[in-house]
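In: This is a predicted model, with the sequence first.
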Amino acid sequence: MREAARRFPWAAYWIVWAVILFLTILPLLSVLLAAAIADAHGCRLDEGDVHPCIVWGSDWGTTLYGMALMGWLMIASLPLGGGAFIVWLVLLIIHRLAWGRAAKESKS
């Protein structure tokens, strides 16, 4: 039981890393999904204008146009995600080193 309490919390760090990664690439996923939907239904998709796109009996042109324009958020999400990753990595290294030292001291 005491051994389980001494384990480093890797799971928490991996979950935070996954959230950072997901939020960083979310605008790219939006663009790729919009392009895939438009391509599958033979629709035109570009930044210049909204084009009609009939998907399941209704016009999705405006929605797909909005999803495609979300790609511009990558201008902010990529640097912010990269910065968050660097902060995450530094905190992980500091915590791991401090945890290792504390574990060595408790064994002594």
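Out: Nice, I can see it.

In: Where does the residue nearest to Ala38 when sequence neighbours are not counted sit: helix, strand or coil?
Out: Nearest non-adjacent residue to Ala38, counting by CB to CB, 6 or more residues apart in numbering: Leu45, 4.0 Å away. For every residue, glycine as well, the C-beta is placed using N, CA and C. When states are read from DSSP: H, G, I helix; E, B strand; the rest coil, the local structure at Leu45 comes out as coil.

In: residue ranges for the helices of this protein, please.
Out: Counting by DSSP state H, the chain has helices at residues 2-5, 10-40, 61-69, 74-107.

In: Of all the ones you listed, which one is nearest Asp49?
Out: Each of the helices of the chain has some distance to Asp49 by CB to CB; the shortest is helix 61-69, at 7.9 Å.

In: List the buried residues of the closest one.
Out: 61, 64-65, 67-68 (16 or more other CB atoms under 10 Å).

In: do the same with stretch 85-97
Out: Buried positions in stretch 85-97, judged by neighbour count with 16+ other CB under 10 Å: Leu92.

In: what's next to it, contact-wise?
Out: Stretch 85-97 is contacted from outside by 8, 13, 16-17, 20-21, 24, using CB atoms under 8 Å, 6 or more residues apart in numbering.

In: Now do the residue nearest in space to the middle of the chain against Gly81, distance only.
Out: Nearest to the mean C-alpha position of the chain, by CA atoms, centre = their mean, lies Phe22 at 1.5 Å. From Phe22 across to Gly81, the span is 9 Å (CB to CB, to the nearest Å).

In: Leu69 too?
Out: Taking CB to CB as the measure, Leu69 falls 19 Å from Gly81.

In: And for Asp46?
Out: To Gly81, Asp46 is 26 Å away according to CB to CB.

In: Low-confidence bits of the protein, can you list those?
Out: Within the chain, the segments meeting pLDDT under 70 span 1-5, 108.

In: Tell me which of Asp46 and Gly81 has more neighbours.
Out: Using other CB atoms under 10 Å as the criterion, Asp46 and Gly81 rank with Gly81 on top: 18 against 10.

In: In this structure Tyr65 contacts Gly48, no?
Out: No: Tyr65 is beyond contact range of Gly48, at 9.6 Å (criterion: CB atoms under 8 Å).
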